[in-house]
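Peer 1: take a look and give me a structure for this.
(one chain, ligands or ions: 1)
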Amino acid sequence: MKTCNIVEKRLDFPMLDQKMHAAPLVYLDNGATTFKPKCVIDAIVEFYSSSYGTVHRAIYDLAEHSNAKYYAARIAIKDFIKASSEKEIIFTSGTTDSINKLAQSFGEAYIKEGDEILVSEIEHHSNLVPWQMLAKKLGAKLKFIPVNDRGELDLLELEKLLCENTKLISIAHISNVTGICHPVKEIVRCIRKQSSAKVLIDGAQAISHMPIDVCDLDVDFYVFSGHKMYGPTGIGILYGKEELLAKMPPTFGGGDMIKEVSLKEASYNDLPYKFEAGTPNISAVIGLKAAIDYILDLSFENIQAHEKELCAYALDKLKEIKDVQIIGESTQSRSLISFTVKNIHSLDIATLLNFKGIALRSGHLCAQPALKRFGVSAMLRISFALYNSFDEVDRFIECLKKIISKLG
Ligand SMILES: Cc1ncc(COP(=O)(O)O)c(C=O)c1O
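Peer 2: Residues are numbered from 1 along each chain as shown. The predicted structure is shown next:
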């Protein structure tokens, strides 16, 4: 393992070098979005300032240069998640867009009235509402995999829910509420034994924290966002097995996604272009490639080792505070911790922490049913990235304790 001092890497992130409310910024909302290293910012600036051109439409040098970079990014992403072919990598605008596109296209190709879709009861709204909309439109049924009090999926219940009408199971790899990493490989193995249903994994919270091998996991679809893995906003990935994507209809019509067009009809392009209508977000694709190079250079071994230690440290410190209640604690927790404080509203705590320069998530975490499941109306969440330090955790804990002693 190539060792490095992760905290030195803080210097790569210009956003970390600033104050909020006259205090040094402590950014603990990385589950929402991460800061960008300078190499990502530079790659985008370089593209716009000295090599800007469109893709897939022209033969002049600038366009060819963009084509080459765009293609290289797709290959890098394919290798990053160990997909079999670049045809399986579809550029979208983010996880939400990927799931909505899937719901539309997979829904049209594979789901009919009376069929069933399974999601867990604690999914992010992005992995729930599109399925609600699809189920309503098609007359399909949405069913829910329960979780226990630790936030772990009830796999026995999942087995019971599977039936011949089940067409899709869609769950988060790491929950944005509990931080628990679900045992995807084991879940998929269990599903394959008794069902031909397809499996979608929402990798939004996993992609920056652990290596992903979509073939080893044997998932049918895997989706994630660039902005949660040190890349730009406005770019995401929809991975799908080639044989499935090939049978699915495009969701948008326009340039790039066609082969031939007459006034009355059109034939569609090959994968992955069939799903990429219009001029894409080229700069974000280039920025995402730079983010992947950055992660790989640092290595997941280093990132995981650091984040695991940091998270365990924060968890121990939080548990020492009398009125703090951790949500969904499990031995599998990593990279984020959600909690509430007895008799104090989460929004009050988040507001006061903000005045001390500490940014963390509060409210319903885009997962209202999950909050209901855990019997709370709002939560606080700290989520880590490779650049967070133990000093930052200490500052957060110290400020939190002071707030609790004043308001409690
Ligand atoms: C588990 C999970 N799924 C989906 C999303 C949606 O991601 P995006 O807003 O980038 O589309 C998020 C964002 O927080 C998430 O945590």
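Peer 1: what's the neighbour count on the residue of the stretch 251-400 of the chain at minimum distance from the ligand?
Peer 2: Residue of the stretch 251-400 of the chain nearest the ligand, by Cβ to the nearest ligand atom: residue 366 (5.9 Å). C-beta: built from backbone N, CA, C; applies to glycine. Residues lying near residue 366 (other Cβ atoms under 10 Å) number 18.
Peer 1: in contact with it, which residues?
Peer 2: Residue 366 is in contact with 124, 125, 126, 176, counting by Cβ atoms under 8 Å, 6 or more residues apart in numbering.
Peer 1: do the same with residue 137
Peer 2: residue 107.
Peer 1: can you pull the pLDDT of the residue of the stretch 251-400 of the chain closest to the ligand?
Peer 2: Looking at residue 366, its pLDDT stands at 96.
Peer 1: over to residue 8?
Peer 2: The predicted local confidence for residue 8 is 85.
Peer 1: ok, now the one 4 residues further on?
Peer 2: pLDDT, residue 12: 97.
Peer 1: near the ligand, which residues of the stretch 301-408 of the chain show up?
Peer 2: residue 366 (Cβ under 6 Å from any ligand atom).
Peer 1: repeat that for 8 Å
Peer 2: Within the stretch 301-408 of the chain, the positions near the ligand by Cβ under 8 Å from any ligand atom are 365, 366.
Peer 1: repeat that for the stretch 101-250 of the chain.
Peer 2: Close to the ligand, as judged by Cβ under 8 Å from any ligand atom, the stretch 101-250 of the chain has residues 123-127, 172, 174-176, 202, 204-205, 223, 225, 227-228, 233, 236.
Peer 1: so of those residues, which ones are in strands?
Peer 2: 172, 202, 223, 225, 236 (DSSP state E).
Peer 1: between the residues you listed, which is closest to the ligand?
Peer 2: Set against the ligand, the nearest of these by Cβ to the nearest ligand atom is residue 225 (3.3 Å).
Peer 1: how long is stretch 212-221 from one end to the other?
Peer 2: 12 Å (Cα to Cα, to the nearest Å).
Peer 1: ok, residues contacting it?
Peer 2: Residues from elsewhere that reach stretch 212-221, judged by Cβ under 8 Å, 6+ apart: 80-84, 102, 106, 173, 184-185, 188-189, 192, 198-201, 203, 206, 222, 238-241, 244.
Peer 1: the most far-flung residue of the chain relative to its centre: what secondary structure?
Peer 2: The outermost residue of the chain, judged against the average C-alpha position, is residue 263 (39.9 Å), by Cα atoms, centre = their mean. Classification of residue 263 using DSSP: H, G, I helix; E, B strand; the rest coil returns coil.
Peer 1: next, count neighbours for residue 316.
Peer 2: Using other Cβ under 10 Å, residue 316 has 11 neighbouring residues.
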